[in-house]
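**Student:** please work out how this folds:
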Amino acid sequence: MKITAELLAKHDACADGAKWVRDRFGESGEYQDVLDALAGDARDNWASWLLDALGTTNAVLEIDGDLIRTCSIFFAGSIKVTGYIEARGDIKAGGYIEARGYIEARDIEAGGCIEARDDIEARIIWARVIRAKEKPTDIRRGTVRNQK
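**Tutor:** Numbers count the residues shown, from 1 in each chain. Next up is the predicted model:
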């Protein structure tokens, strides 16, 4: 999906956010590229707004190994990792988040299930279903199912 000035105006984007996208991408940018750039520039509120405004895609980010970021992670689809996921900021996915290891971030939010074979460490967790070795603390939305 292309992010354009018209699309942002249609969704009532703030003027500063629309200008940032135009300055960074010109006439248009790919949805995921814009989310990645916003995360890289520590524009977490704008990235979260964009994901809420434009919704989920069917894309799956599959990584054989670990996913480690020194910033937040915003992905319009689902995230599937064979290792662990660690972000210094937030993790937000339109679909599910799955890791064979642990998941650690400031806040974690998923449109689907959050599943980790080990622990989930976050200040706030939002998801439909949360599966972890031990029950995470401060769950704002979701049903906890222990991993067996």
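
**Student:** nearest spatial neighbour of the residue nearest the centre of the chain, chain-adjacent residues omitted?
**Tutor:** Central residue of the chain (CA atoms, centre = their mean): K92, 2.1 Å from the mean position. Residue nearest to K92 in three dimensions, not counting chain neighbours: E109, with 4.5 Å by CB to CB, 6 or more residues apart in numbering. Bear in mind the C-beta positions are built from the backbone N, C-alpha and C, glycine included.

**Student:** doesn't that neighbour lie inside a strand?
**Tutor:** Yes: E109 forms part of a strand when assessed by DSSP: H, G, I helix; E, B strand; the rest coil.

**Student:** and it, bridged to which residues?
**Tutor:** Residues in a beta bridge with E109, per DSSP bridges, are K92, W126.

**Student:** these two touch, right, it and A127?
**Tutor:** Yes: between E109 and A127 a contact is recorded at 6.9 Å, counting by CB atoms under 8 Å.

**Student:** overlap in contacts, the two.
**Tutor:** Counting by CB atoms under 8 Å, 6 or more residues apart in numbering, E109 and A127 have no shared contacts at all.

**Student:** quick one on the thing from earlier: the residue nearest to the centre of the chain against S48, yeah?
**Tutor:** Yes: contact criterion CB under 8 Å: K92 and S48 qualify, at 6.0 Å.

**Student:** common neighbours of the two, please.
**Tutor:** The contact sets of K92 and S48 overlap at F74 (CB under 8 Å, 6+ apart).

**Student:** quick one: the residue nearest to the centre of the chain from D64, how far?
**Tutor:** 22 Å (CB to CB, to the nearest Å).

**Student:** what of I120?
**Tutor:** Using CB to CB, we find I120 at a distance of 21 Å from D64.
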